[in-house]
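J.: Make a model of this:
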Amino acid sequence: EPVLIRGDASRLHQVVGNLLANARTHTPAGTHVTLSVTCEGADAVLRVHDDGPGVDPAIADELFERFSRADRSRARQTGGTGLGLSIARAIVAAHGGALTVRSRPGDTTFEVRLPIPESTPPSEVSSR
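T.: Numbering: from 1, shown residues only. I've put the predicted structure just below:
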């Protein structure tokens, strides 16, 4: 069954793109990354999970802040600007949802929760 929500499809695609790009950039080759979408109660839930090394606990509290970088030694060309997760969280919040992370070595999950409206006109639906 498709999971249908009301929202700005372009911005929501940006959220998914940012989460997948972070998984690709911040995990070593051979890491398995999975994306899942489910309905849980009144929420659409998207999860990006990986079995990589996990988020460094030293930066976990600031992970969603602007200009936060997981690897402070990275140059901008390889490590990004540190805005992806901040932007993703802002987009999700603007849609009435939440973006969180749970991480330990071998088990990291970024979770996006968005409300499913009781009645969504077909012209305002995004299933991606």
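J.: Which other helices and strands does the longest helix along the chain contact?
T.: Criterion DSSP state H: the longest helix present in the chain is helix 9-25. Helix 9-25 makes packing contacts with strand 33-40, strand 43-50, helix 84-94, strand 107-115 when contacts are defined by 3 or more Cβ pairs under 8 Å, 6 or more residues apart in numbering; DSSP states H and E. C-beta coordinates here come from the backbone N, C-alpha and C atoms, glycine included.
J.: and the angle for it with helix 84-94?
T.: Inter-element angle recorded for helix 9-25 and helix 84-94: 150 degrees (by axes from the mean of the first three to the mean of the last three Cα atoms, to 10 degrees).
J.: angle of helix 9-25 against strand 43-50?
T.: Using the same axes, to 10 degrees: helix 9-25 against strand 43-50 is 20 degrees.
J.: Now do stretch 35-52: distance to the chain's middle.
T.: The chain centre lies 10 Å from the centre of stretch 35-52; the measure is Cα atoms, centre = their mean, to the nearest Å.
J.: Which residue, other than its chain neighbours, is closest to residue 85?
T.: Nearest residue to residue 85, sequence neighbours excluded (Cβ to Cβ, 6 or more residues apart in numbering): residue 64, at 5.0 Å.
J.: Surely the one you found and residue 83 touch.
T.: No. Using Cβ atoms under 8 Å, residue 64 is not in contact with residue 83, being 10.5 Å away.
J.: So residue 53 belongs to a strand, correct?
T.: No. Assessed with DSSP: H, G, I helix; E, B strand; the rest coil, residue 53 is coil; it does not lie in a strand.
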